[in-house]
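Novice: Provide a 3D model corresponding to the input given below.
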Amino acid sequence: MLNLQTHTEHFTNPLYLESGRILEPYDIAYETYGEISDEKDNVIIVTHALTGSHHAAGYYEGESKPGWWDGLIGPGKALDTDRYFIICTNVIGSCFGSSGPMSMMESHNAPYRYKFPVITVKDMVKAQRILFDRLGIHHVHAIVGGSMGGMQALQFAVHYPKFADKIIVMASTYATQPWAIAFNKVAQEAILEDPDFKKGYYDPEDIRKNGLTGMAVGRMAGHISFLSHHSMQRKFGRSYKRDDGLYELFGKFQVESYLEYNGYNFTKWFDPLSYLYITKAINIYDLGRGFDSLEEALSKIQAELYMISFSSDILFLPSEMERIVDVLKARNYKKCDYLEVESDYGHDAFLVEIDKFEDYVREALKPKRRSLNPGPSRWHEEAITTPIR
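Specialist: Predicted coordinates for the structure are as follows:
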């Protein structure tokens, strides 16, 4: 049973942010699936990526497209709603129900816009932790996320080390690298320089109706980083639009048409200021910030950690995930496992090629048999089944 339910919680206590600023009041939208057990020991948190939302699975009424991770969440799937109670929240700063730059300011008849504080991935996680406390959920079975969702999962592991038994991270990193920051810069500049953006004082209804050219161009650049040379070759090749002449100056190859469609369509459902704020949060992200080193940050982890990278991911390279694994292995941390999925799809493989890692996730979520170890560690955990590579 999927049992999709959507909720919004309103908070009046101040949320103290990394920047030193305060967000007060604020809302968090979230979605749940399945049924929570009497002991509340079957909870799994799903964390979303940059343009995701709390709508991770199932269909809304009248909707033709399901939630963004529908292939992974549901009855009998890897995140089995017949067994687990799944929660996915919309991060603060986003535009799907949680407080963001276009939310109305308290006691003002106007949205925040640039008065909204810069938020970080750590702030997103802190807000979620406050939500779960309100819901009476003080410990969870697992946290699962990809890309920016993986950043959140790692922040949970470091800053709330006893909160989750298991952390499953996909297509993510320990710190956003210059390559990813550069792609975000293209999108940010394209938005800021579009006259229809009106320096942040646009009418959101106009954007929803007409789109925003600058944001579309930036999103096109983003799509290139989400795919790979091989996936584009397989999907489009050198095919040309049938109704465009090859020698027409503005005739299009299929790949050009794909980028245009996805870029311009995106601008009608995702708010440009939210895009600026969330890409800023991604750029700031560094798991080692606030510690003397990444090694010190990772030393805080107590949960079982499962890392999944994708061989053709050019946005967050497998070597970035391997760095985390290497640090943990160097300190003899035995509750860590790593899988590099052979894929030519690119970064978005974590959303598309679910069949390549769903069995790994299913196995990782199983309770592990723990046995006493007479050595320095008090207990030893049996490794999960060997991943299919």
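Novice: In contact with residue 111: list those residues for me.
Specialist: By CB atoms under 8 Å, 6 or more residues apart in numbering, the contact list for residue 111 reads 101-105. For glycine as for every other residue, the C-beta is placed from the backbone atoms N, C-alpha and C.
Novice: should've said residue 144
Specialist: Contacts of residue 144 by CB under 8 Å, 6+ apart are 44-47, 79, 153, 168, 170, 361.
Novice: and it, what pLDDT?
Specialist: As predicted, residue 144 sits at a pLDDT of 99.
Novice: Please name the bridge partners of it.
Specialist: Here residue 144 shows beta-bridge partners residue 46, residue 168, assigned using DSSP bridges.
Novice: follow-up on the earlier one: can you tell me which of the contacts of residue 111 has the most neighbours?
Specialist: residue 101 (24 neighbours; other CB atoms under 10 Å).
Novice: ok, back up a step: of the contacts of residue 111, just say which sits nearest to residue 32.
Specialist: Of all the contacts of residue 111, residue 103 has the smallest distance to residue 32: 22.4 Å, by CB to CB.
Novice: The contacts of residue 144 into a markdown table, with extra columns for distance to residue 63, neighbour count and pLDDT?
Specialist: Formatted as a markdown table, the contacts of residue 144 follow (distance: CB to CB, whole Å; neighbours: other CB atoms under 10 Å; pLDDT from 0 to 100):
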| residue | distance to residue 63 | neighbour count | pLDDT |
| --- | --- | --- | --- |
| 44 | 23 | 25 | 98 |
| 45 | 23 | 27 | 98 |
| 46 | 19 | 29 | 98 |
| 47 | 22 | 29 | 98 |
| 79 | 20 | 25 | 98 |
| 153 | 27 | 28 | 98 |
| 168 | 27 | 28 | 98 |
| 170 | 25 | 28 | 98 |
| 361 | 25 | 21 | 98 |
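Novice: in the stretch 151-300 of the chain, which spans are helices?
Specialist: 178-192, 204-210, 213-226, 229-235, 254-266, 272-284, 294-298 (DSSP state H, counting those that start in this stretch).
Novice: Output the third one as PDB, nothing but the C-alphas.
Specialist: Extracted C-alpha coordinates of helix 213-226, given in PDB (Å, rounded to 0.1, in the frame of the first residue of the first chain):
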ATOM      1  CA  THR A 213      14.700  32.700 -21.200                       C
ATOM      2  CA  GLY A 214      17.900  33.200 -19.100                       C
ATOM      3  CA  MET A 215      16.800  30.400 -16.700                       C
ATOM      4  CA  ALA A 216      16.100  28.100 -19.600                       C
ATOM      5  CA  VAL A 217      19.600  28.700 -21.000                       C
ATOM      6  CA  GLY A 218      21.100  27.900 -17.600                       C
ATOM      7  CA  ARG A 219      19.100  24.800 -17.200                       C
ATOM      8  CA  MET A 220      20.300  23.600 -20.600                       C
ATOM      9  CA  ALA A 221      23.800  23.800 -19.300                       C
ATOM     10  CA  GLY A 222      22.800  21.900 -16.300                       C
ATOM     11  CA  HIS A 223      21.200  19.100 -18.400                       C
ATOM     12  CA  ILE A 224      24.500  18.700 -20.200                       C
ATOM     13  CA  SER A 225      26.200  18.000 -16.800                       C
ATOM     14  CA  PHE A 226      23.400  15.600 -15.800                       C
END
